[in-house]
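*Asks:* model this:
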Amino acid sequence: MEFRRRRLLPLEDNTTVNVTVRELRKIENVILDLREKNEKLSEGVPAVSDLEKLSAGFPSEDALAIIQWAVGNLPPEMHRGWPYRELKNVGAYLRGNGKGDTVSLGITFEEFSKEAGEIEDFRAHREKVAAEVLSEQDE
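*Replies:* So this is what the prediction gives:
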């Protein structure tokens, strides 16, 4: 499988992304289905450390294609709970163990995960402040 190099531009606060509600629902349904399948698969399976998963050959070319698609099409600004920590782990693995384009792909994943983490941190901070303001209004 050949990986295309894509430059991920940081999105500005005023960037507009047009997605129909139908498309958003489809994406949400796919994510929910994958989460359900993952939960079913993980039932009864002994826990394996992330390092063991990575050393067992993860991520496969198919998994990399899916991850690339998610990074390119699911901006963390629009999707709460983006798995940026997991993406950072995959990026670190690729940077350390990849060859050729997969090394640069790993670096891209790590940079993207950092941006997604900052967005999640901002979102958590904003929610905390909003909760404090609401509690002050109730008093």
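*Asks:* what sits up against the strand or helix carrying Val30?
*Replies:* Remark: Val30 resides in helix 21-42, with elements defined by DSSP states H and E. With contacts defined as CB atoms under 8 Å, 6 or more residues apart in numbering, helix 21-42 is touched by 19, 74. Every C-beta, even on glycine, is put in place using the N, C-alpha and C of the backbone.
*Asks:* centre of the chain to that helix, how far?
*Replies:* Here the centre of helix 21-42 is set off from its chain's centre by 14 Å, with CA atoms, centre = their mean, to the nearest Å.
*Asks:* pLDDT on it, on average?
*Replies:* Averaging pLDDT along helix 21-42 gives 81.
*Asks:* quick check: buried residues in it?
*Replies:* Going by neighbour count (16 or more other CB atoms under 10 Å), the buried part of helix 21-42 is Ile27.
*Asks:* what do you get for stretch 102-115?
*Replies:* By 16+ other CB under 10 Å, the buried positions in stretch 102-115 come out as 102, 105-106, 108-110, 112-113, 115.
*Asks:* distance of the residue positioned nearest the centre of the chain relative to Gly96?
*Replies:* Centroid-nearest residue in the chain: Pro83, 3.8 Å away (criterion: CA atoms, centre = their mean). Separation of Pro83 from Gly96 (CB to CB, to the nearest Å): 20 Å.
*Asks:* sec struct for Pro75, please.
*Replies:* When classified by DSSP: H, G, I helix; E, B strand; the rest coil, Pro75 comes out as coil.
*Asks:* perfect, I'm done here.
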